[in-house]
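In: pasting a predicted model and its sequence here:
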Amino acid sequence: MVMNSEGKILILSGRFGEGHQQVANAIKEATALEFPSVETIVLDFFVWAYPNLFPISHYVYMKGIKTFPQVYGYLYQKTYEGNPLTEKLNSFFSMGIGKMLSLLQTEKPSVVVSTFPFASSIISKLKEYGLTNIPLVTVITDHTHHSYWLHPCTDQYIVGSIDTQENLIQLGIPSEKIACTGIPIRTRFLGNRNRKDLYRKYQLEPNISTVLIMGGGEGLIGKGLLNSKELEVFPIQLQLIILCGHNEKLRQHLQNELISSKHLIHILGYTDDVDELMAVSEIIVTKPGGVTTSEALAMELPMLLYKPLPGQEQDNAQYLIDSGAAIQANSPSDLFDHLLNLLNKRSLLEKMKENARNIQTKKAAFFALGVINQSMVNNALFSKEFITTTKFKSYRHIKKSMLVSQGR
């Protein structure tokens, strides 16, 4: 690949879940390795634009999906295809359009990459109103699609599976605007590891079945699974590595609750070394987030998906189950039944590893970077045109453009 050494990539993300940010960082990391002279900026736009509003909105979002998951699922399905409700939500999240324009004028990027759907919406609206012609590349961070990812002025979509690519084509998006690269993951998932060294590092017993349990960045698996009686009556001694993410309350609770367990328990908070923990595990129990499951696929690690939330998690789960790389459990007893079956029938584990191998894309971040680079090459004059077309425009001009487009 050839990239302009003076280019600048602006990656817009959002901290509503860890996945959007992890994909953004994976692309930044790949750029630094491939094109060290190209400047890459990763920005959580809503944190930057609304530092006082973000903590409240993030708390409400996380509390809502944990306490009222069915409400979240209803809204997800209600807006799955574009409709007036979708437009209202996009309008609400487009309230930062003036700040976005100022950001583009200040940074003058060669391309904008969005890993967060509502950031894509804002850039698309700026393009629609003629306020910028900068290329917009949207990276869908799940194994599915949804209307909130899809915006008319998007130049390129990067998707994680052939299924998603075909669905977008059926919705009328030209095939040349869709690149199936896999969901970008960090380069640390590419290399081989010495398992013996990792056993020593984490003080693990190599002869005991190791199960990695991840609840997502916010510890969404919760307390019920690991407090269940099924855990202690499980007929095989397990070595459990439990990642609680940023959920410190859960971590402390489990340390106290499982101190007398017959199983070997290792409880960790947030860590960047997930690749190493996956490398020493035989099975992962997790929520079906797009990024975590892509990492597990890259490590050819069989997945037990536990209680997917209504919405994109259910869609992700269905894709992985259909691909033969995962099994879903909806209760502790169900999960331990599946776990026992897998550990007793190693041929099933090997088949799941093979299926993961067939659909994983370890180098997705580099493939995605190739698409981003091509967008920059195809729009080589956009940077100069952008400076000319937006130099004297302001938020007042945006509001006027919006009213004109609405016929008011």
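Out: Sure thing, it's come through. Residues are numbered from 1 along each chain as shown.
In: helices of the stretch 251-400 of the chain, start to end?
Out: Counting by DSSP state H, counting those that start in this stretch, the segments of the stretch 251-400 of the chain that form helices are 274-279, 290-298, 312-322, 332-344, 346-359, 364-378, 382-390, 395-405.
In: where among those is the average confidence lowest?
Out: Sorting those by mean pLDDT places helix 382-390 lowest, at a mean of 39.
In: my read: Ser209 touches Glu282, true?
Out: Yes. Between Ser209 and Glu282 there is a contact under Cβ atoms under 8 Å: 5.6 Å. C-beta: built from backbone N, CA, C; applies to glycine.
In: follow-up on the earlier one: got TSV for the helices of the stretch 251-400 of the chain, with distance to Tyr199 too?
Out: As requested, the helices of the stretch 251-400 of the chain are arranged in TSV below (distance: least, Cβ to Cβ, whole Å):
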stretch	distance to Tyr199
helix 274-279	10
helix 290-298	20
helix 312-322	28
helix 332-344	18
helix 346-359	19
helix 364-378	28
helix 382-390	51
helix 395-405	58
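In: what residues are shared contacts of Ser209 and Glu282?
Out: Jointly contacting Ser209 and Glu282 under the rule Cβ atoms under 8 Å, 6 or more residues apart in numbering are Leu343.
In: deepest of the helices of the stretch 251-400 of the chain, which one?
Out: For these, the largest average neighbour count (mean count of other Cβ atoms under 10 Å) is found in helix 290-298, namely a mean of 27.
In: need the residues that contact that helix.
Out: Here helix 290-298 has contacts from 18-19, 22-23, 141-143, 160, 182-183, 185-186, 189-190, 214, 216, 274-275, 278, 284, 286, 303, 305, 312, 316, 320, 325-326, 356, 359-362, 364, using Cβ under 8 Å, 6+ apart.
In: average pLDDT for stretch 109-128?
Out: In this model, stretch 109-128 carries a mean pLDDT of 94.
In: flag every buried residue along it.
Out: Using 16 or more other Cβ atoms under 10 Å as the test for burial, stretch 109-128 gives 109-127.
In: same thing with stretch 11-19?
Out: By neighbour count on 16+ other Cβ under 10 Å, the buried set for stretch 11-19 is 11-14, 16-19.
In: and the helices of the stretch 251-400 of the chain: which comes nearest Thr40?
Out: Checking these against Thr40 by Cβ to Cβ gives helix 364-378 as the closest, at 9.9 Å.
In: for that closest one, name the packing helices and strands.
Out: helix 19-34, strand 111-114, strand 136-139, strand 156-159, strand 178-180 (3 or more Cβ pairs under 8 Å, 6 or more residues apart in numbering; DSSP states H and E).
In: pipe these into JSON lines and attach distance to Asp44 per row.
Out: Listed next are the helices and strands packed on helix 364-378 as JSON lines, based on distance: least, Cβ to Cβ, whole Å:
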{"stretch": "helix 19-34", "distance to Asp44": "7"}
{"stretch": "strand 111-114", "distance to Asp44": "12"}
{"stretch": "strand 136-139", "distance to Asp44": "15"}
{"stretch": "strand 156-159", "distance to Asp44": "19"}
{"stretch": "strand 178-180", "distance to Asp44": "24"}
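In: could you look up the SS state of the closest residue to Thr138 other than its chain neighbours?
Out: Excluding the flanking residues, the one nearest Thr138 by Cβ to Cβ, 6 or more residues apart in numbering is Ser120, at 4.5 Å. Per DSSP: H, G, I helix; E, B strand; the rest coil, the local secondary structure of Ser120 is helix.
In: thought Ser120 was touching Leu136?
Out: Yes. Using Cβ under 8 Å, Ser120 is in contact with Leu136, at 6.7 Å.
In: looking at this protein, which helix or strand is least sure?
Out: Using mean pLDDT, DSSP states H and E, helix 382-390 stands out as the lowest-scoring helix or strand of the chain, at a mean of 39.
In: now do stretch 30-43: everything it contacts.
Out: By Cβ under 8 Å, 6+ apart, the residues outside stretch 30-43 that reach it are 1, 3-5, 7-13, 21, 24-25, 27-28, 103, 107, 109, 184, 187, 365-366, 368-369, 373.
In: that one spans what distance, first to last residue?
Out: 17 Å (Cα to Cα, to the nearest Å).
In: ok now it, how far from the chain's centre?
Out: Distance of stretch 30-43 from the chain centroid (Cα atoms, centre = their mean, to the nearest Å) equals 20 Å.
In: could I get the buried residue list for it?
Out: For stretch 30-43, by 16+ other Cβ under 10 Å, it's 30-31, 35, 38-40, 42-43.
In: farthest pair in the residues you listed?
Out: Spanning the widest gap among the buried residues of stretch 30-43 are Phe35 and Leu43, at 19.0 Å by Cβ to Cβ.
In: what average pLDDT does stretch 43-53 get?
Out: The average of the pLDDT scores along stretch 43-53 is 81.
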